[in-house]
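Asks: one predicted model, sequence on top.
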Number of protein chains: 6
Amino acid sequence: MFKRVDKLQIDLPRPEEPDPDAAGAVQELLGGRFGEMSTLNNYMFQSFNFRAKKKLRPFYELIANITGEEIGHVELVSNTINVMLDGHVGNGSTNPDETPLEPALSQDNKYHFVLGGQNALPADSAGRPWSGDNVFSSGNLVNDLLHNFYLEIGARNHKMRVYQMTDNEAARELAGYLLVRGGVHATAYAKALEEITGVNMMKMLPVPDLDNSKFKHARKYEEKGEHRKLYRFSDDDYKLLDRIWNGPTPVGPPGELEVVDGLPEGGEIPDLEHIPEEFAPGFDEDQFRELSKRLQYEAGM
Amino acid sequence: MFKRVDKLQIDLPRPEEPDPDAAGAVQELLGGRFGEMSTLNNYMFQSFNFRAKKKLRPFYELIANITGEEIGHVELVSNTINVMLDGHVGNGSTNPDETPLEPALSQDNKYHFVLGGQNALPADSAGRPWSGDNVFSSGNLVNDLLHNFYLEIGARNHKMRVYQMTDNEAARELAGYLLVRGGVHATAYAKALEEITGVNMMKMLPVPDLDNSKFKHARKYEEKGEHRKLYRFSDDDYKLLDRIWNGPTPVGPPGELEVVDGLPEGGEIPDLEHIPEEFAPGFDEDQFRELSKRLQYEAGM
Amino acid sequence: MFKRVDKLQIDLPRPEEPDPDAAGAVQELLGGRFGEMSTLNNYMFQSFNFRAKKKLRPFYELIANITGEEIGHVELVSNTINVMLDGHVGNGSTNPDETPLEPALSQDNKYHFVLGGQNALPADSAGRPWSGDNVFSSGNLVNDLLHNFYLEIGARNHKMRVYQMTDNEAARELAGYLLVRGGVHATAYAKALEEITGVNMMKMLPVPDLDNSKFKHARKYEEKGEHRKLYRFSDDDYKLLDRIWNGPTPVGPPGELEVVDGLPEGGEIPDLEHIPEEFAPGFDEDQFRELSKRLQYEAGM
Amino acid sequence: MFKRVDKLQIDLPRPEEPDPDAAGAVQELLGGRFGEMSTLNNYMFQSFNFRAKKKLRPFYELIANITGEEIGHVELVSNTINVMLDGHVGNGSTNPDETPLEPALSQDNKYHFVLGGQNALPADSAGRPWSGDNVFSSGNLVNDLLHNFYLEIGARNHKMRVYQMTDNEAARELAGYLLVRGGVHATAYAKALEEITGVNMMKMLPVPDLDNSKFKHARKYEEKGEHRKLYRFSDDDYKLLDRIWNGPTPVGPPGELEVVDGLPEGGEIPDLEHIPEEFAPGFDEDQFRELSKRLQYEAGM
Amino acid sequence: MFKRVDKLQIDLPRPEEPDPDAAGAVQELLGGRFGEMSTLNNYMFQSFNFRAKKKLRPFYELIANITGEEIGHVELVSNTINVMLDGHVGNGSTNPDETPLEPALSQDNKYHFVLGGQNALPADSAGRPWSGDNVFSSGNLVNDLLHNFYLEIGARNHKMRVYQMTDNEAARELAGYLLVRGGVHATAYAKALEEITGVNMMKMLPVPDLDNSKFKHARKYEEKGEHRKLYRFSDDDYKLLDRIWNGPTPVGPPGELEVVDGLPEGGEIPDLEHIPEEFAPGFDEDQFRELSKRLQYEAGM
Amino acid sequence: MFKRVDKLQIDLPRPEEPDPDAAGAVQELLGGRFGEMSTLNNYMFQSFNFRAKKKLRPFYELIANITGEEIGHVELVSNTINVMLDGHVGNGSTNPDETPLEPALSQDNKYHFVLGGQNALPADSAGRPWSGDNVFSSGNLVNDLLHNFYLEIGARNHKMRVYQMTDNEAARELAGYLLVRGGVHATAYAKALEEITGVNMMKMLPVPDLDNSKFKHARKYEEKGEHRKLYRFSDDDYKLLDRIWNGPTPVGPPGELEVVDGLPEGGEIPDLEHIPEEFAPGFDEDQFRELSKRLQYEAGM
C-alpha cells in the first residue's frame, strides 16, 4: 500500500509566462522511453514480482523503496510541465470568436491544448503515449538490476540533453534535481549488482561522463549532499537499505552514502490558475463561492 | 510525495497450482483499458493537473486521495497474478533438455513465460501493453468527473465478467474486493458530480445492475461495510473528504458513508518461490546463504 | 451524406451454437489489414479526397459508389461474428459463482467476452485494433487505383484462407459472398486502371488463381450473376458508372457487366438474444415490458 | 445497408489560401480520440451489436440512425480539411528543382504533403492514426449509452478548443455546426439514459458550460433550430425515434425537440484543384479531355 | 548470409550546416510506410519465405538479390540524415548552462536531439517508429510481386515529394539516386509479373508520370545508365537474374537492361564529428589518443 | 554496402510435421523486443550513426561487423520458423469446402495462416509487429555499448526460456546455436566496455548464470569453439577486430578468443514445399514446367 503526502519533493520556480515549447520537451522526461513513468513502473512491477523476497530482502527493499521516490518524480515532472503551461498563451479573451488559443495552432504539441487543458499528459515529446512496453521485469535479479542501471544511464543522458535545450528556470530546476537523484539510483543499482556479481560497476559512473557539477541546478543539490542520501519512503518498512547503501559516494562531492529516515523536506504543490479559454476547471467566481459555502470549506486565494 | 507500506490491502488466498489461464484473464484487470493501471493513472494525472485546487479543495482531495488507494489496487492485482503463476507449470526439471516449460507452449499468453519470469506484466489479456492513451485529463472538472464515473462503471463490467470466467480463489477474492471498492469510487464520483451539477447520478448505480451481493467474494466485503468506507490514504492531508463523502450509501447493505482515517488493515505480501526453469530470481541456496551472511541480514524461510 | 436501410446485403444462416473460434478468425475479415474496415475506409477517404472530381467524374463515382457497398460489408461481417457469438458458451447460469463464462478462459480472443458482450469488435484475429495506417489516399489517381486493386487481391487471399479454416455456415456464407463481391471491386479497379493506362490488368485475375466456383458458397452467388453486377448505392447520383463498368466479365460464368440501379434485395438483420452472464443488454422481461409500455411501442418476439 | 447522396450536410466556405496549420488542428476532430471517426464507429458498431433489438427498438433505432448522420460528419470534416489544404503552398512551379513544396518542410504535419496529396487522413492532430481502441461496445445498454454521453461531451470540449485556435472560416463553420449537432446527440443519449434509469442527465448539459450561442458559427445554426432536430437518415426505417426524441430542448433557444423526416438540405461537395507538385490527381488538360471524350462524359469546369 | 563492405553506394555531398528540418523530412524515406526499411524488410522476408525456390529460381533470386541492394539503401538514407544533422545547431558551448541545444526546442522532431545524438532513427517524418506491419509476405508469388510493384510506386511518389520539399544537396542527391534505383526495382517486379501473368505492367510506368529526367539529381544517374543496371549483390549466387532482367528499358533514356556483376563503385562512408553537447561519442582528444595508443591503431583525422 | 551469400549459418534439421505451436514461440526470437530483428537493427543503426569512426575505429568495426552476422541470424530464425510451418496442418485437401486449414482455427497465432502462407513474420510470439522503438542509438558510445550488453543478456534469457518450451529439433538447434553466438556478442560488448571504462564486465557473464553447456544443442557448438570465434563478415574491411577481441574466453570451454577471416561454413537454405491450401506459391506442376522452359532454367526437384 501507499500513502500520499500533499507536497512536492522540491520547491519549483514559477515561470512568468507560459512556455509551451519547453513544456513539450520536458514531456520526454515524463512519458518518454526513459522518462519517470518508465523508472516508476519498472521498479514498481519489479518490486511486485520479486521472487524470494525473504532470502534477498535487502535487494527487494532497495527496489521497493526507490519506487516510492519515483512516484514523487512523476509528480514533480508533471507539476513542472503544469507551471510551464499555466496562464494565457493568447489574448486572454473569453470570447471564442476572438481566437484566444490562436498561438496553440503553431505548436507542434497540440495535445496540450486540445486533449489536456494546458496540463501534463502521459506521453513523450512527440505526444506518443507512454507504453507498458517500456517495462522490463524478467524475474532474474541480475538481469533486472542490469536493466535498471542501463535505464538510469539512458535517463541521465536525456535529462542532460533537455537541460541544454531550455533555460526555463522550472525546467532546469527539475532537470538539475533529477540528475542528482537519478545518480543516486544509478549508484544504488550499481552497488546491488556489485554485491551479487563482484563487478565494480560504480567505476563506470557517470555516463555520459560530464559531472553533475557542470550543471548549476544540479550542483546546488550536490552541495546539499543530495547525491549521497537514500531516503526511506516508508514509516516502518525497508530497514535494510543500509546493507547495500553504504561506503563512499562514487560520484559528486566526496562523502559517505547515508540512508535518511523519511521523506525530503519538500515544497508546496503549486496551484494552477483558472484558464477560461480551456474551460479548466470551468467555474466562475460565483460558482466557486457557492460550492465553498455549500460544502463548508474555506476556498483559498 | 508518496510513502510505501509493505502490506497488501487484503489477504490473498494462495492457489495450490499455477493457473496461467486465469492469470491471463486477470491481466485485463491490471493493464486493460479499464484495468487498475488506468484508474490509477487517470486519477493520478488529474490530481497533478487539477486547476484551482484551493477553490475546489474537496474535489481535489477526493481525486488525490483515491489515487492513493489505486496504487494499492495495481499492487493487489499484480500480486494476484503472481500467486496464480507461482510454481512449476511443467515437470520441474532443472535440465533444459527435459523441456520444463513445455506447457507454456500452448498458452496464448507466452509473455508470462518469456518476457516475465511467471509474473505480472503491464499489459492486458491479449498481452497488449498498457497505454497512456487510456488517460483522460481534460482540465474541465465536470468532464473529468463524468469520465471517472464512466471509467468505474466500465471497470465494474469487466470485473464481473472476469469473475464469471474462473473459480480460482485468488482471482475471485481479488474481483470480489475490487467490485466493492470500485463501487465506492463510482459513488464518490457520482456524489461529486451531483454536488456540482445537481444531477442525481447515484440513482444510476449499479451498472451493470446486478448487485455485488450476488458475488460471494464481494458479499463478504459488503458485510464488513467496505462499500461505505472511504479510507484516507494520508497521514496529515485530505481532511475535507467528508464534505463530499457523506449520507446514506446508494448501493449495498444500508448504512452511512464514512471516512476512515488511515489505511485498511491489509494482509501480508505473498512471497514467491524460486523457479529455476525461469532463472527467477536465479540463485541457489548457497548463494542465498552467502549473500545473507555477507550483508548481515536474516534470510527468511 | 448517407442514408441507412435496416437490412443486410444477404440472408445469414444462424448457427445453432456459439462458435467463438470461428468468430475469432472472421475478425480478420472485419478489422484486419485487409478486412472490410480497410476497404471501406480506403475508398471513403479516397472519395472525400478526390481531386478534379468533375474532370474525372466516372472515376470519382466509381470509388464513391463502392464506398456505399463497403459500409454494408462491414455491417455484414459484424453481424456474422455476432450470430457466431450468440448464446451461452457455458452453463447458462445466472449465478456468477457458478462461473457461467468459464469456457471463455481458454479462448485466445478474450476481448469478445470482456470488452464486448459477445459481439464484433473493430479488431483483427489477434485482437489488435483496426488502424488508420491501413488507409492509402495519396491523391494520385493511378497510385490510388493500383493500391485498391492490390488491396482487393490481398483481401481475396485472406477470405479464401479463412473460408478454409471453418465449416461454420455463417462464416462460409459470408466468405463466399465477399469473394464474389470483392471480385467485382477488383475488376472495377482493374478496368479503371486499364482505361487510364492501357494496361490489361483484368488479365491477371483472379489472384490467388483458384476460381470462386471452387467454393460452394461463392458458386451460388456467381450463378445468380452477382459477379457481373455493380449496384448503384444511391437514389440519384453516380449515373456514370457504366462508362467504366461494361463489357464481358473477366472472371466467373461468362456474361456482361451490368450496373444495377439500387441496392441488392438483401436479408433481415438478425436479432441477438439477451445474454444475462454478459449483462447484455442488461434487462429482464419486466423491464422490457415496462419500457415498451411507457414508450408505447410493440416489443417484438 | 447504406445509400450515398452526393452532397455535404452544409455549405462550406472556401478559404482563399491553403492553411495547413488549421488543417492540422482540425485533424483532431476527424481522427482524434474524440473525433468524428470515433463517434461514427462507436455508434455503428453498437448498432450492429445491439442485443434484443426488437424489445428495445426505440433505443436501437436511435443509435442506428445517429450512425447515419455521423458518416456525413466524417465526410464534412474531411472536406473541410481538404478545402483548407487546396492550392499551392509554395511557388507553384512544376519544376521539381525549384522546390515547390518547400513550405511543407517546416510544417509539423508532413503527412499531409507526403502520405496524402494535401488531403485529409484518418489521423489526429499529431498524425497518429485513428484506432479501433477508440470504440466502446460492451453490449450493456446503459454502459454504452453512458459512454456515448461522455464521448459527445469530450468531443464538444475538443471542438470548442479547436474553434478558438483558428479563425479560418471553413474550420469555424465546421466547428460551429458540429457543436450544435453534437449537442443534439448528447441530448439524445441523455434522454435515452433518462428513460431507462430515471436520472435527469439533461440537466448536466452543456459541458463545458459555455453556451453554443457564444460561438458565432454555432449560433446561426441554433437560430435555425438545428439544435432541436433529429433527422431521420433513412427512407423507410427508424420510425420510433420520437418515442425518445420529444419534449422541450434542454439547451439552446427554447423549443420542442422534433424528428425531421429525411436529410438536411445540405450543400455542394467542393471540387478540389489539380496540384501538379503533388501529382494529384496526376493528369494534364489533354489527358482530361481525352478521357472525357473516350468515356463520353462531360468534364465539368 | 551477408557480407559487409565499408562503402556507401554513392558519394554523398556534405552540407555545410546542420539542416534538421530537411533531416526530419528525409526520415520518411527511411522509416516511413514506404521508406527503405519497408522495401528492405519486405524483400528480405519474402526471400526467406519463398516457397518452391528451386522451381521458381529466377524469381527467388530476383527478390533475394534486390534485398542485398536495399540494405545499402537503408545505409544510404541513414548516412544522408546523419550528414544533415552533423555539427552544432546552437552556440557550440560546452557549458550546459549556456543552453547549447536551444534551437532543438522549436524542432518538431525532438527525437533527433534527445533519443539520438543528432543521428538517424528507425522512424518516419513524425517520429513514429517503423513497424513490422509494413511487411507483406503472403507466400503467394503473384500477390507478393503485385505488392512489391505497388510498394515501389508508392515509394517513388514519396521520394518525389520529399525532393520537392528541400534543396539540401545531400537530400536531393539521395532522392535523385533512389528515384532511379527504385525505378529499376519497379521495373524488375513489373517484368516478373509479366512473365507469370502476361500482363504488360511496364506500360504503366512511371507512376507518378513525371519522368526522372525532370529531377536534376536523378537525371545524372540516368545519364550513367543506372536505370538499366541490376547489380548482382553476391559473389557466387543469383546467376539467373538475366532470365527476367533483359530487353529494352521501359523508362529513362533508351537502352538494354543489363545485369552487372558485383556492386556499384560506391563512395566513402562519411565520418561524423564529435558533438560535445550531445555527448556523442563522448570522448575528448586525450581519451582518443590514449585508446589509440593502448589498442595500437592509427586514429584517423 | 552488403553482399549476399545463398547459405544459412548452420544446417537446420527438418521437422517431419508442421509444429505451429513451436513456430509461434520462436517468433519471439525473431520479432520480439529481444529478438534478432532487434539485435540486427540496433547494431546496424549504431554502425551508421557512429561518430568519430576514425578515432574510434576498432569500436566502430566491432559493431559494424557484428551487424553482418546479425542479418544472418534474422535469416536463420526465419528459416527455422519456416521449416516448422512447412507441410499440411490439416487434411491436405485441395477442395476448399473440405476445410483444409481447419487446425489453424484453434491456433492462437492465426497470422501464420492468414497473413502469411505458413511462413515467418516480423512479429513476436503474440503476433505484435517488430517496432523501431526497440532500437537504441544514442550516439554516446558507452551508453550504446552498455545497452548492447544488456540487450544480449535479455536475449539470452529469452532464448533459454524458449529452448525449454519445446523439444522440436529445429527450434532447439536454432536456440542452441544462438545461445553460443549471442554469448560471443555479449563478450564482445563487455570487452569493449572494459577497454573504455576499466570495468570488468566479463566477470558478470553468463546471465542467467546457467552455462551453455547445460543445453545439448549449445554444447555441441561450444565444443567446436564457436564461443571463441568472431567471424569477419567482410572481404576487405574490419581488420582491427583483434584489437578488442583477444585474450582468454570468459565463458565456455577454455581457450583464446580468435578472429576468423570470413564466414562460417554454413548450411543449405531449406526449400519449402508448395502448400496449395495456402496458394503459396500458387502454381501447379504444369505452370512450373512452362516457366522453367520459357525462362530457360533448370527447375530443381
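Replies: It's in.

Asks: check contacts around the most centrally placed residue in chain A.
Replies: Using CA atoms, centre = their mean, the residue of chain A that lies closest to the mean C-alpha position is A:H73, 2.5 Å off. In this structure, A:H73 makes contact with A:Q9, A:E36, A:T39, A:L40, A:L178, A:R181, judged by CB atoms under 8 Å, 6 or more residues apart in numbering or on different chains. (Each C-beta comes from the backbone N, C-alpha and C, glycine too.)

Asks: check the gap between it and A:D86 for me.
Replies: A:H73 is 20 Å from A:D86, where distance means CB to CB, to the nearest Å.

Asks: what do you get for A:N143?
Replies: Plainly put, A:N143 is 42 Å away from A:D86 if you go by CB to CB.

Asks: swap in A:R57?
Replies: Shown here: A:R57 relative to A:D86, a distance of 44 Å by CB to CB.

Asks: just A:L230 next, same as before
Replies: Note on A:L230: its distance to A:D86, by CB to CB, is 33 Å.

Asks: same check on A:F113?
Replies: In this structure, A:F113 and A:D86 are 13 Å apart, going by CB to CB.

Asks: chain E contacts on the stretch 51-200 of chain A?
Replies: A:108, A:125-126, A:128, A:157-158, A:160-167 (CB under 8 Å from any CB of the partner chain).

Asks: what sits closest to A:A104 if chain neighbours are left out?
Replies: With CB to CB, 6 or more residues apart in numbering or on different chains as the measure, A:F113 is the residue that lies nearest to A:A104, at 3.9 Å, once sequence neighbours are left out.

Asks: show me the shaky parts of the stretch 101-250 of chain A.
Replies: Scanning the stretch 101-250 of chain A for pLDDT under 70 picks out nothing.

Asks: which parts of it sit against chain B?
Replies: The stretch 101-250 of chain A has residues A:115-123, A:129-133, A:135, A:137-143, A:195-196, A:233-238, A:240, A:243-244 near chain B, with proximity defined as CB under 8 Å from any CB.

Asks: swap the cut-off to 6 Å and go again
Replies: For the stretch 101-250 of chain A, the contact set with chain B under CB under 6 Å from any CB of the partner chain comprises A:116-117, A:119-120, A:122-123, A:129-133, A:135, A:137-141, A:233-234, A:237, A:240, A:243.

Asks: from memory A:K53 sits against A:Y60, does it?
Replies: Yes - under the criterion of CB atoms under 6 Å, A:K53 is in contact with A:Y60, at a separation of 4.5 Å.

Asks: who's more crowded, these two?
Replies: When A:K53 is set against A:Y60 and neighbours are counted by other CB atoms under 10 Å in any protein chain shown, the residue ahead is A:Y60, at 24 against 20.

Asks: element containing the more buried one?
Replies: Under the criterion DSSP states H and E, the helix or strand holding A:Y60 is helix A:57-85.

Asks: ok and that helix relative to helix B:57-85, angle-wise?
Replies: If you take axes from the mean of the first three to the mean of the last three CA atoms, to 10 degrees, helix A:57-85 sits at 140 degrees to helix B:57-85.

Asks: what residues sit buried inside the next helix or strand after helix A:57-85?
Replies: Heading C-terminal from helix A:57-85, the first helix or strand you meet, by DSSP H and E, is helix A:111-114. Residues A:Y111, A:H112, A:F113, A:V114 are the ones in helix A:111-114 that count as buried (16 or more other CB atoms under 10 Å in any protein chain shown).

Asks: now do the strands in the stretch 101-250 of chain A.
Replies: Counting by DSSP state E, counting those that start in this stretch, one finds strands in the stretch 101-250 of chain A at the ranges A:229-232.

Asks: what residues does it put near chain D?
Replies: Checking the stretch 101-250 of chain A against chain D by CB under 6 Å from any CB, the hits are A:L101, A:A104, A:L105, A:S106, A:D108, A:K110, A:V114, A:G127.

Asks: between the residues you listed, which sits nearest B:Y150?
Replies: The shortest approach to B:Y150 among these belongs to A:V114, at 19.8 Å (CB to CB).

Asks: of the residues of the stretch 51-200 of chain A next to chain E, just the buried ones, PyMOL syntax please.
Replies: With 16+ other CB under 10 Å as the criterion, this PyMOL line picks the buried residues out of these:
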select buried, chain A and resi 108+125+126+128+157+158+160+161+162+163+164+165+166
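
Asks: among the residues of the stretch 51-200 of chain A next to chain E, which ones are in helices?
Replies: Under the assignment DSSP state H, these contribute A:N157, A:H158, A:M160, A:R161, A:V162, A:Y163 to helices.

Asks: now, which of those residues sits nearest chain F?
Replies: Nearest to chain F out of these is A:N157 (CB to the nearest CB; 5.8 Å).

Asks: what residues are up against the closest one?
Replies: A:N157 sits next to A:P208, F:S138, F:N143 when contact means CB atoms under 6 Å, 6 or more residues apart in numbering or on different chains.

Asks: repeat that for A:E102.
Replies: So, once contact is read as CB under 6 Å, 6+ apart, A:E102 ends up touching A:G90.

Asks: distance of it from chain F?
Replies: Plainly put, A:E102 is 34 Å away from chain F if you go by CB to the nearest CB, to the nearest Å.

Asks: do the same with A:E278
Replies: Here A:E278 is placed at a distance of 31 Å from chain F (CB to the nearest CB).

Asks: please apply the same query to A:D6.
Replies: From A:D6 across to chain F, the span is 36 Å (CB to the nearest CB).

Asks: now the helices for the stretch 101-250 of chain A?
Replies: Using DSSP state H, counting those that start in this stretch, the helices of the stretch 101-250 of chain A run over A:111-114, A:141-163, A:169-197, A:216-223.

Asks: just the CA coordinates of the second one, formatted as CSV?
Replies: Extracted in CSV, the C-alpha atoms of helix A:141-163 (Å, rounded to 0.1, in the frame of the first residue of the first chain):
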residue,chain,number,x,y,z
LEU,A,141,17.5,-10.4,-10.4
VAL,A,142,20.8,-9.7,-12.2
ASN,A,143,19.1,-9.1,-15.5
ASP,A,144,16.6,-6.7,-13.8
LEU,A,145,19.3,-4.8,-11.9
LEU,A,146,21.4,-4.5,-15.1
HIS,A,147,18.4,-3.2,-16.9
ASN,A,148,17.8,-0.7,-14.1
PHE,A,149,21.4,0.5,-14.3
TYR,A,150,21.1,0.9,-18.0
LEU,A,151,17.8,2.7,-17.7
GLU,A,152,19.1,5.2,-15.2
ILE,A,153,22.0,6.0,-17.5
GLY,A,154,19.8,6.4,-20.5
ALA,A,155,17.6,8.7,-18.4
ARG,A,156,20.6,10.7,-17.4
ASN,A,157,21.6,11.3,-21.0
HIS,A,158,18.1,12.5,-21.8
LYS,A,159,17.9,14.8,-18.8
MET,A,160,21.3,16.4,-19.7
ARG,A,161,20.1,17.0,-23.3
VAL,A,162,16.7,18.5,-22.2
TYR,A,163,18.6,20.7,-19.7
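
Asks: go through it and flag the buried ones.
Replies: When burial is assessed from 16+ other CB under 10 Å, helix A:141-163 yields the following buried residues: A:141-163.

Asks: where does A:E268 land on pLDDT?
Replies: If you check A:E268, the pLDDT there is 98.

Asks: right, and A:S38 touches A:N134 too?
Replies: Yes - under the criterion of CB under 6 Å, A:S38 lies in contact with A:N134, with a separation of 4.4 Å.

Asks: the two - which one has more neighbours?
Replies: Each of A:S38 and A:N134 had its neighbours counted (other CB under 10 Å), and the higher figure belongs to A:S38 (25 against 21).

Asks: thanks again, I'm all set now.
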